[in-house]
Every structure is written in C-alpha cells, then in structure tokens.
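A.B. asks: Here is my input, please return the structure:
(chains A and B)
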Protein chains: 2
Amino acid sequence: MDFKFIDGTITTTQGFTGAAICGGIKEGSDKKDIMMVKSEVPCSAAAVYTKNLVQSDAIKVTKAHLADGKAQAIIANSGNANTCNANGYETADRVSKLCASVLGIKDEDVIVASTGVIGVPMPLLPFEKNLFLMKRLMSIDNGYDCAEAIMTTDTIRKDVAAKMTIDGKIVTIGGIAKGSGMIHINMGTMLAFITTDVAISPEMLRESLNEAVEDSLNMVSVDGDTSTNDTLAVLANGLAGNKEITTKNDDYKEFTQGLTEALKSLAKQIAKDGEGATKLLIANVSGAKTKADARKIAKTVVGSSLVKTAMFGSDANWGRILCAIGYSGAEVDVTKVKLTFESVNGTLLVCENGAGVGFDEDVAKSVLSAETIIIKIELGDGEDYADAYGCDLTYDYVKINGDYRT
Amino acid sequence: MDFKFIDGTITTTQGFTGAAICGGIKEGSDKKDIMMVKSEVPCSAAAVYTKNLVQSDAIKVTKAHLADGKAQAIIANSGNANTCNANGYETADRVSKLCASVLGIKDEDVIVASTGVIGVPMPLLPFEKNLFLMKRLMSIDNGYDCAEAIMTTDTIRKDVAAKMTIDGKIVTIGGIAKGSGMIHINMGTMLAFITTDVAISPEMLRESLNEAVEDSLNMVSVDGDTSTNDTLAVLANGLAGNKEITTKNDDYKEFTQGLTEALKSLAKQIAKDGEGATKLLIANVSGAKTKADARKIAKTVVGSSLVKTAMFGSDANWGRILCAIGYSGAEVDVTKVKLTFESVNGTLLVCENGAGVGFDEDVAKSVLSAETIIIKIELGDGEDYADAYGCDLTYDYVKINGDYRT
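C.D. replies: The predicted structure is shown next:
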C-alpha cells in the first residue's frame, strides 16, 4: 500500500471547508467552541457511536440523519455535552436545522455532535448568533481551528492527514479528534471526524468504518469510563474520481487499510494526551490463541490503574502486568508468558515463562522514562496479535477530574 | 436476628489463639509480617479465592488442603505475594509444613496465604527462624497483632467481631482482613480470615460462605485490579455447642445472615481504607429489574474513575454517575433514574427522570465533604436492590502506586 501520512487536517481533503469560532457556550470561556465543516457536494457518510445507554441527544439526531447513508456537513461544539437535559433533543435538532439553513443544504444532511459537561441545559443563542458569520468564514485554512473548537481538557490538537492511491487516483484522508477523559474501549474517543475524497457507496463506507475502528479507536483506554457522546463520523465526497467502491474488492481493502492507519494515528494522539498523562503506553500482544484474546489482554493491560501508576513512576513492576493478563478474561497459559519493556532508551526483558528474570533497576528506570513505552507481551500460545493504546495515571488526572465542573 | 457487633477480632472466638511477629520478609522492614492463628480443635473450613488466572502458589497449597473441608490453623505473611516465582509452590508448601509441625497438627490442616510484591522470590528463613518462638507466644490477646501482620499499604487495621444466638447457644464470629490496593469485585479483598465457634458441616460452611460473600466482599472496588492472592477463609470449630448445621435450615439462614453482616463490615473497612482514599462511597441501588442488574450498576458506579475523582473533589458531578449507569451493562430505562447524595451533612437530590434538577452548590459541597457518602440510585424499574462499596480516587493513590516496589 502506498499510504503516506502528510501534514494536514480535516480540510486537507479536496472539496471540504470549515470554520470555528468562540461562541461562549460555557459562560466566561474564551476558547473556540463551535465548528462547522462542509463538503461542496453531498457525501456518502457513516458513523459509529458510544455503546453507553445514556446518549447525548446530538447522537439521536445524527443517527436519524445518517439513516440514508448521506450527509454534507458537520456541526460540533465543546463546552456542553447536551446530554441528560429535558429539552436536549429539541436543542440538537434546532442546531442541526440552523446549520442546514445557513449552509443551504438539506436538513437531514447534517451531522451534529457535542462534548462537555453532562446535565446542564445547552444554550441555543451561541449558535443563533454565530452561524451566519461562520458561513462567511468557511475556508480550507480553518481545519486546525476546527480541531481546537472540539477540545475540552485536551492539551494538544489532534489532526491526521494522509494520501494513498486507489484505482490510479490520489485519495486523501483528513481528520480531527478530541479525547482526553471518559475514554474507554468501544469508541475510545469522544469525537472524531474524518473526510475523504474517495468515491465509495454508503454501504461500503459503513463496512469499512466498522472494520477500521476495531483495531484503532476501539483499542484506546484512558480511564475506563465510556462516554455518553462518542461519535466517529466519516464523510466521503467522491471527488478523487476513482471508480466508486461498491463491493469488497481490492480498492475497498486498500481504502480500509488506509482508514485504519489514519484512525490509529488519532488513537495514539488521544491516548498520549489522556487527562494528566505524561506517557503513551502501547500494549503489544502476540502469540495469542484468538484475536479476541489478544485484544482482551492488550486492553486490560493498558486499562489497569496499577500498571498505569507504575508506568507513571517508571517502576518496572511487571507483576501487575501479569496480574492484569490473568484477570483479562482471555484464555492464556500464564506459565508461557514473556514480558519485555521497549522504548527509545532500550529494551528490558523482565519475565519469561511466567516468572521474573533478574534485571538492572537503573536500566529499567531509563527504559521506562521515555515518553512512549511499548509493553511487549508474548504469549507463545498461538498466532494472533493486537495493540492497545493507553496512558499513565498521574496526579494531574486526579486534579483535572476532582473539580471539572466548577 | 439478635446479631450484635462487639469489640473484638479473630481471636475473640473461643478456642482460637494467635501470634504475630516481625520476621523481616521484606528486607529492612520493621513491621509485623508473619501471623499464625490456631484452633484448639480441628474445624470445618471453607474458602473463596481470586478469579485471576495468575494465582499465588499459596492459594494452590491452600486449595489442596481444603479439599476435605477441614483445617485447624492459618499462617499468613505480608511483604511478599509468593506469586510468579519459579520455586513458589515449594516455598508455600514448606511454610505450610513448618507451621503444621510447629503447631503439632496435620500437614493438610493448614491454610497458607501471602500478600505483597509479585515476582520476587520469597525467603524461607524468616519462617524457619521465627515459627517456634511464635508458637510459644500464641494467645487470645494477639488477634489485633495478627491483623497488623497482614497489612501492606493499609493505613488502619481491619477487625470484626459479633455475637448471635443459634439453637439457643451464643455463637461468636471474629475476623481480620487486609485490603487497600488491587481490590476489585469478585473477592474485593486480598486476605480475610474468619473464625467462628458455630457447629456446622464443611458442606454447609462452604455454601454459607459462598452466599455471604456475594453481597459483601464481592461488592468492593478500590481500583479495578483483581489481585492474584485474594483469599477469604473461614474456620468453624463447633465449640458453641449448637446442634451441628448440616442442612439449609433456619439455623443455617441465621448464621449466613450473621456471616454476611460480619463480611460487610470488613468490606466497608477495606473500601474506606482504599489506597489513598479519604472517603467511603456506598452506591445504594434500588428499583432494579433483577439482582444482577442492581449489582452491576452499584459496582460500576463505585468503580468509575470519574465518579471517584469527583467525590474526592466534593463535586456533585452527577452526570458521571448517570454515565456509569449507562455503560454498566445492566438493562435500565435511564429516563426513570433518580439520584440523591446522602451523608451526615444532609441529603441532596440532583437528578430525577434522568435529567438534572437545580441544587445549591454550597449544600452540595457540604453533603459531599463527609467521610461516608451514599450515592442513592433509584431506578423505578423493579424491586431488586444492591449496595457496593468503594472509595475516592486521590493524589495519594497515584503516589502510593507510582513507586510501590522500590
């Protein structure tokens, strides 16, 4: 696959423009909090959502709009989740209709998403006041601002862009995401929006997204809490001019592989910027009996509070990793497990055949002091493998979440 | 039931003596780390263990010894988990045999348990050096010392004692536990030992223990990590003189209820002393469709990192509770949920019919500043209920676990 990451963001894909503004949704805040992205032509569209039974009303509106597999614009806000509010559906519907009318597109071609505090009624005024201005600002230069507008406790913006060849044409994938807290497996994000110019049918786009999310955003854990607002949406406007993908042919496979890589990039960015995090943890499991076992183990290890705090302290407390493997629910012969820590500072073998091997504590501190730590788990039990993405658990996680609301 | 808590501990039960000593299992440590408890006569015995696939070798030895439902003594240590060590089984077996020989009881009548760091070979010398001395120290006055000897990062000792009447006889239940970190549902403890003088068959004791643990120690979560060493064992020596319980009659039910209360007391003590904890959280779920749903919701709420940090900050961020209910996996109609915070400082209704109701932030701070906070969750969906026990997530949890090993 001639897939290549490039500098860029959600508006790097041809035919897409965006705008972002500070609408003051959270009173007194001066950060950008509303963003719109539009394609110049209608798109195939697909999305996946949180599995939480408590869902933002924005999700309910978006689900209805995507029933036909078509969309043309995204409107999203931070500062308020529009969840658990008495009039939440009306608000989300009104925001969506306002966006459609301002942009001159069909009501049902809008994807709407919100992120922020739960249970506080969301004001409409910031949208009513700003959407006409935002329409005039729409440009290919505003993609990074759009990424900023959906940040909450994120400390860095999350963008991705890549180019690949499909059917002899250059296809672009662009995207943004926000993550940080309330991040767990099964949609390990709060919001992510992807644009692409590939020509693909709504059905195939949906299938491709479902495949791509499994090994990427579904393998991220920050704190074990599954958000009420997670939404990952993809818009494909077809302007690349490839023969439309309508079956699971080679073009489909190439595109899906590219989409997976793009989502993996966002997954790592989200994990690394987990609330209070100082380190990206990658659990790299191989030799599993089944894919499901590999995923279970990888997810459980990056989700363990004790593993996360040990990594924060650069403490090679590998017993906690073996412990997490043991309670992951995967079928595993613990007497075969081999554990290695890897980072830019070196490699450290700590456990073989399920029992500890001696190691130098100074080397351990050095290996674990890096910003990205790979926890390599070799099960010796089969052929399957999986990666999961997480972060360390720090004082700042407690600080950020001890008083988020007030 | 005429059940009554009394001051006391594991040796408050007639016929039981104990001793504890500082054996220096963890080099340089000056805390008590080995304890023995013995009954003057052989006992019916039962135990439940961690469900982690990675298990301490102590558990393997104990399981073999309890196959016949009989035991007479317990030997336990802190400072080393004797888990994931190449010669772990031999070590546990040797410790157990040494105990039997010193106390003059059968090899297979010893319960052995360990807690502490994983993956570091456990020295035998501290046992070989001290067990004969400990035998001479055995007394009914040493129960509290035994509780101290199994503490690791625990900050307070955990004991329980109670009296009740069964078949016209006074029956005593005594016990100790250690908890703190690596505590999660399905044996929410690391070690707990119960003594009682009730006369009961091994089969009925096993059944009774399995019932009692469901609503008590299986409903505790500190950090979501399931330990490799969890062991809860009960010894019943029959000296109370009641007619031996051999079927599920009224005496069985009374005893099981009493055992449940005793274990609940230990569960609360463990949750309140969770690593770094400043508050005990009790999720009190009612109106659930099924018992399983009630338990799932209660456990998920006290296990949520975001709920735990909010409680640490005395922040009435109830949206996170609703969110946790939503991803608990229980079947629930979120539009019926009512949430109330309760403490010695008052009561605060925050959510009705799944949506927020206005409240005074000052009252909220006051209610949530107490040491014990009840999160009352009324589902309005049925008749079933459950409590779960947890604690807040604090800076000190991160501090304690960022560098536990070194």
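
A.B. asks: From chain B, how far out is A:Val198?
C.D. replies: Distance, A:Val198 to chain B, by C-beta to the nearest C-beta, to the nearest Å: 33 Å. To be clear about C-beta, it is placed using only N, CA and C from the backbone, and glycine gets the same treatment.

A.B. asks: Skipping adjacent residues, who's closest to that residue in space?
C.D. replies: Leaving out its chain neighbours, the residue that sits closest to A:Val198 by C-beta to C-beta, 6 or more residues apart in numbering or on different chains is A:Val171, at 4.7 Å.

A.B. asks: Tell me which helix or strand that neighbour sits in.
C.D. replies: For A:Val171, the host element (DSSP states H and E) is strand A:169-178.

A.B. asks: Could you identify the helix or strand that succeeds that strand?
C.D. replies: Toward the C-terminus, strand A:169-178 is succeeded by strand A:191-196 as the next helix or strand (DSSP H and E).

A.B. asks: name the helices or strands packed onto the following helix or strand past that following strand?
C.D. replies: Using DSSP H and E, the helix or strand that follows strand A:191-196 in sequence is helix A:202-214. Helix A:202-214 is packed against strand A:34-49, strand A:231-236, helix A:250-272, with contacts defined by 3 or more C-beta pairs under 8 Å, 6 or more residues apart in numbering or on different chains; DSSP states H and E.

A.B. asks: got TSV for these, with distance to B:Gly313 too?
C.D. replies: Output for the helices and strands packed on helix A:202-214, formatted as TSV (distance: least, C-beta to C-beta, whole Å):
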stretch	distance to B:Gly313
strand A:34-49	28
strand A:231-236	28
helix A:250-272	24
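
A.B. asks: quick one: the helix or strand of chain A with the lowest mean pLDDT near chain B?
C.D. replies: Ranking every helix and strand in chain A by mean pLDDT, DSSP states H and E puts helix A:395-402 at the bottom, with a mean of 83. Yes - Helix A:395-402 lies within reach of chain B by C-beta under 8 Å from any C-beta of the partner chain, at A:395, A:397-402.

A.B. asks: between that helix and helix B:395-402, how many degrees?
C.D. replies: Interaxial angle, helix A:395-402 versus helix B:395-402 (axes from the mean of the first three to the mean of the last three C-alpha atoms, to 10 degrees): 150 degrees.

A.B. asks: Identify the residues contacting helix A:395-402?
C.D. replies: By C-beta atoms under 8 Å, 6 or more residues apart in numbering or on different chains, the surrounding residues in contact with helix A:395-402 are A:153, A:181, A:223, A:274-277, B:305-306, B:309-310, B:312-313, B:315, B:393-395, B:397-399.

A.B. asks: pLDDT below threshold where in the stretch 201-350 of chain A?
C.D. replies: Scanning the stretch 201-350 of chain A for pLDDT under 70 picks out A:224.

A.B. asks: picking that back up, pull out the buried members of the contacts of helix A:395-402.
C.D. replies: Neighbour-count burial (16 or more other C-beta atoms under 10 Å in any protein chain shown) is assigned, among these, to A:153, A:181, A:223, A:274-277, B:305-306, B:309-310, B:312-313, B:315, B:393-395, B:397-399.

A.B. asks: Hmm, A:Asp68 is touching A:Lys106, no?
C.D. replies: No - look at A:Asp68 against A:Lys106 with C-beta atoms under 8 Å: they stay out of range, at 10.0 Å.

A.B. asks: Now do the contacts for the residue in the stretch 51-200 of chain A positioned nearest to chain B.
C.D. replies: Proximity to chain B, evaluated over the stretch 51-200 of chain A using C-beta to the nearest C-beta, is greatest for A:Ile118 at 2.6 Å. Shown in contact with A:Ile118 (C-beta under 8 Å, 6+ apart): A:81, A:83-84, A:228, B:317, B:319-320, B:322-323.

A.B. asks: can you pick the most crowded of the residues you listed?
C.D. replies: Of all the contacts of A:Ile118, the highest neighbour tally under other C-beta atoms under 10 Å in any protein chain shown goes to B:Cys323, namely 33 neighbours.

A.B. asks: Any residues of the stretch 251-400 of chain A in contact with chain B? List them.
C.D. replies: Selection of the stretch 251-400 of chain A residues close to chain B by C-beta under 8 Å from any C-beta yields A:303-306, A:309-310, A:312-313, A:315-320, A:322-327, A:332, A:334, A:351, A:354-356, A:361, A:393-395, A:397-400.

A.B. asks: Let's see that with 7 Å instead.
C.D. replies: Within the stretch 251-400 of chain A, the positions adjacent to chain B are A:304-306, A:309-310, A:312-313, A:315, A:317-319, A:322-327, A:332, A:334, A:351, A:354-356, A:361, A:393-395, A:398 by C-beta under 7 Å from any C-beta of the partner chain.

A.B. asks: Show me these that map onto strands.
C.D. replies: Among these, the members found in strands (DSSP state E) are A:351, A:355-356.

A.B. asks: next one: stretch A:288-306 to chain centre, how far?
C.D. replies: Using C-alpha atoms, centre = their mean, to the nearest Å, the mean C-alpha position of stretch A:288-306 is found 19 Å from that of the whole chain.

A.B. asks: which outside residues touch that stretch?
C.D. replies: Contacts with stretch A:288-306, where a contact means C-beta atoms under 7 Å, 6 or more residues apart in numbering or on different chains, come from A:185, A:219, A:221, A:224, A:281, A:283, A:285, A:307, A:320-321, A:324-325, A:327-332, A:375, A:377, A:379, A:381-382, A:384-390, A:393, B:181-182, B:223-225, B:401.

A.B. asks: how about it: buried residues?
C.D. replies: Across stretch A:288-306, burial judged by 16+ other C-beta under 10 Å covers A:288-289, A:293-306.

A.B. asks: Over to stretch A:155-162?
C.D. replies: A:157-162.

A.B. asks: could these go into a markdown table alongside secondary structure and pLDDT?
C.D. replies: Below are the buried residues of stretch A:155-162 laid out as a markdown table (DSSP: H, G, I helix; E, B strand; the rest coil; pLDDT from 0 to 100):
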| residue | secondary structure | pLDDT |
| --- | --- | --- |
| A:Arg157 | coil | 95 |
| A:Lys158 | strand | 94 |
| A:Asp159 | strand | 96 |
| A:Val160 | strand | 96 |
| A:Ala161 | strand | 96 |
| A:Ala162 | strand | 96 |
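
A.B. asks: coming back round to it: which of the contacts of A:Ile118 fall within helices?
C.D. replies: If you go by DSSP state H, these have B:319-320, B:322-323 in helices.

A.B. asks: Keep only those of these that are also close to chain A.
C.D. replies: Among the ones in helices among the contacts of A:Ile118, chain A is touched by B:319, B:322-323 when using C-beta under 7 Å from any C-beta.

A.B. asks: ok, so of those residues, who is nearest chain A?
C.D. replies: Nearest to chain A out of those is B:Gly319 (C-beta to the nearest C-beta; 2.6 Å).

A.B. asks: Out of the helices and strands packed on helix A:202-214, flag the one nearest A:Asn130.
C.D. replies: strand A:34-49 (6.2 Å; C-beta to C-beta).

A.B. asks: Would you map the helices across the stretch 301-406 of chain A?
C.D. replies: For the stretch 301-406 of chain A, the helices defined by DSSP state H, counting those that start in this stretch cover A:305-312, A:319-327, A:361-368, A:395-402.

A.B. asks: who does the longest one touch, helix- and strand-wise?
C.D. replies: To tie it back to what came earlier, the one meant is helix A:319-327. The helices and strands touching helix A:319-327, judged by 3 or more C-beta pairs under 7 Å, 6 or more residues apart in numbering or on different chains; DSSP states H and E, are helix A:291-303, helix A:305-312.

A.B. asks: residues making contact with it?
C.D. replies: Helix A:319-327 has contacts (C-beta under 7 Å, 6+ apart) with A:297, A:300-301, A:304, A:306-307, A:310, A:332, A:334, A:337, A:339, A:351, A:354, A:375, A:377, B:51-54, B:83-84, B:117-119, B:225-228.

A.B. asks: where along the stretch 1-150 of chain A do the helices fall?
C.D. replies: So, for the stretch 1-150 of chain A - with DSSP H, counting those that start in this stretch - the helices run A:57-65, A:88-103, A:125-137, A:143-149.
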